[in-house]
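> next comes the sequence, and after it the predicted model I'd like to discuss.
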Amino acid sequence: MVVKAEYIWIDGAEPTSKLRSKTKVMPDKDEISDISELPLWGFDGSSTNQAAGEDSDCVLKPVAFYNDPIRGWPHILVMTEVMTPRDMQPHSTNNRAACAEMAAKHKIEECIFGIEQEYTFFDGIKPLGWPDNGFPAPQFGYYCGVGADEVYGREIVELHLDACIDAGLAISGINAEVMPAQWEFQIGPVAAPEVADQIWIARWLLYRIAEDYGVSATLAAKPVKGDWNGAGAHTNFSTKAMREDGGMEHITAACEKLGTRAMEHVKNYGADIEDRLTGAHETQSWDQFSYGVSDRGASIRIPWQVSIDGKGYLEDRRPNANCDPYLVCKLMIETICDL
Ligand code: ADP
Ligand code: MN
Ligand code: MN
Ligand code: MN
């Protein structure tokens, strides 16, 4: 038997990194059962904005692996970190290493995350299903809608959901979004950096599955200008103390801390965030900070159930769909647990 291992990494594209992958055929293997069986590998960093041509090698270090739902068992998807070849240090584009370090430092607080990844299907230059000239009916019936006049791309969305489940990801749901052709999946609750590993793998699966339909899934923060919702990656967060009786006090304290470093967060939450966080379309303005119960116009929302229970979690509504979840998780732990 052979195992086909798809090594996946995050490139150096500016201002938003993209995913890359290539296949390693591992002969004489029946199955991979431990990460230590997966060797380091290399790639041409001069083609990914991660190295100069005359010194082009970068290293791929496996950090997690999943069932490959496309090729099937025993094939696998391998999440990797990019390292420098000479000293085996995290490459400047590698945000995972710092995220893992911050998470390890605060392991005792038992931080967990649920990330809501929104995305938009495109057919060429227009959102999938949109008319060639003009616009669909104004936003209203699309969110969690049903029917050929309300939703576009469900076949891909269903295949993606099954693929995430088969891969072993902690996918917790999907829904059609407010703008037609826009959708969401949620991963979590899971600790960092694993939650971010899984978001990147789920993104890869989405692109890969949509590829077979000639459709591109995009994470642009404001894919259509005007009176159309942007795409975010709401990041739900809790510590053990927030989840236990008396947790509300810890949730409020966390919101106050997040308010002291609002700009630091916003500038690391994805490209074009000013276009999305306008204060309209269920957002707070990027240069304002607020938190509140059930408030979809706040930077941080405390869900109503949480306020009734007096414990639970908070939702940071600011991260863009195109954020690097490693950066978002690292910053949230740093601000809430490290300050
Ligand atoms: P919304 O109402 O904002 O659309 P969703 O249902 O889409 O919320 O997403 C909520 C996310 O929060 C899910 O991924 C869920 O797993 C996660 N979540 C639930 N409880 C917690 C918790 N205690 N800590 C962190 N994340 C949580
Ligand atoms: Mn949601
Ligand atoms: Mn949403
Ligand atoms: Mn949300």
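Here it is on my side, so go on. Ligands and ions are numbered 1, 2, ... in the order given.
> closest point of the stretch 101-250 of the chain to ligand 4, which residue?
Checking the stretch 101-250 of the chain residue by residue against ligand 4 with Cβ to the ion singles out residue 234 as nearest, at 3.5 Å. From N, CA and C alone the C-beta is placed, and that goes for glycine too.
> so who does the closest residue to that residue other than its chain neighbours touch?
Nearest in space to residue 234, with sequence neighbours left out and distances taken as Cβ to Cβ, 6 or more residues apart in numbering, is residue 116 at 4.3 Å. For residue 116, the residues meeting the contact criterion (Cβ atoms under 8 Å, 6 or more residues apart in numbering) are 184, 185, 186, 232, 233, 234, 235, 236.
> so the residue of the stretch 101-250 of the chain closest to ligand 4 makes contact with residue 316?
Yes: look at residue 234 against residue 316 with Cβ atoms under 8 Å: they come within range, at 6.9 Å.
> show me the contacts for the residue in the stretch 51-200 of the chain that ligand 1 sits nearest to.
When distances are taken as Cβ to the nearest ligand atom, the stretch 51-200 of the chain reaches nearest to ligand 1 at residue 114, 2.2 Å away. For residue 114, the residues meeting the contact criterion (Cβ under 8 Å, 6+ apart) are 172, 186, 187, 188, 189, 190, 195, 235, 236, 313.
> that's a strand at it, yeah?
Yes: in this structure, residue 114 lies within a strand as judged by DSSP: H, G, I helix; E, B strand; the rest coil.
> quick revisit: adding pLDDT and neighbour count, write the contacts of residue 116 out as JSON lines.
Formatted as JSON lines, the entries for these read as follows, by pLDDT from 0 to 100; neighbours: other Cβ atoms under 10 Å:
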{"residue": "184", "pLDDT": "98", "neighbour count": "22"}
{"residue": "185", "pLDDT": "98", "neighbour count": "24"}
{"residue": "186", "pLDDT": "98", "neighbour count": "21"}
{"residue": "232", "pLDDT": "98", "neighbour count": "29"}
{"residue": "233", "pLDDT": "98", "neighbour count": "28"}
{"residue": "234", "pLDDT": "98", "neighbour count": "19"}
{"residue": "235", "pLDDT": "98", "neighbour count": "27"}
{"residue": "236", "pLDDT": "98", "neighbour count": "20"}
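> next step: the residues you listed restricted to strands.
Of those, the ones assigned to strands by DSSP state E are 184, 185, 186, 235, 236.
> closest to residue 70 out of these?
When those are compared for distance to residue 70 (Cβ to Cβ), residue 185 wins out at 16.7 Å.
> thought that closest one was touching residue 201?
No: Residue 185 lies out of contact with residue 201 (Cβ under 8 Å); the separation is 11.7 Å.
> what separation do you get for residue 222 and residue 200?
For residue 222, the distance to residue 200 equals 22 Å [Cβ to Cβ, to the nearest Å].
> I misspoke; the intended subject was residue 41.
Between residue 41 and residue 200 the computed distance is 17 Å (Cβ to Cβ).
> again with residue 57
Applying Cβ to Cβ, one obtains 22 Å for the distance of residue 57 from residue 200.
> list the buried residues for stretch 206-220?
When burial is assessed from 16 or more other Cβ atoms under 10 Å, stretch 206-220 yields the following buried residues: 206, 207, 208, 209, 210, 215, 216, 217, 218, 219, 220.
> got the CA coordinates for that stretch in PDB?
Written as PDB, here are the backbone C-alpha positions of stretch 206-220 (Å, rounded to 0.1, in the frame of the first residue of the first chain):
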ATOM      1  CA  LEU A 206     -13.800  24.200   0.900                       C
ATOM      2  CA  TYR A 207     -11.500  25.500  -1.900                       C
ATOM      3  CA  ARG A 208     -10.700  22.000  -3.000                       C
ATOM      4  CA  ILE A 209     -14.400  20.800  -3.200                       C
ATOM      5  CA  ALA A 210     -15.600  24.000  -4.900                       C
ATOM      6  CA  GLU A 211     -12.800  23.600  -7.400                       C
ATOM      7  CA  ASP A 212     -14.600  20.600  -8.900                       C
ATOM      8  CA  TYR A 213     -17.600  22.900  -9.600                       C
ATOM      9  CA  GLY A 214     -15.600  25.700 -11.100                       C
ATOM     10  CA  VAL A 215     -16.600  27.900  -8.200                       C
ATOM     11  CA  SER A 216     -14.200  29.800  -6.000                       C
ATOM     12  CA  ALA A 217     -14.800  30.200  -2.300                       C
ATOM     13  CA  THR A 218     -13.400  33.600  -1.200                       C
ATOM     14  CA  LEU A 219     -12.700  35.000   2.300                       C
ATOM     15  CA  ALA A 220     -12.800  38.700   1.200                       C
END
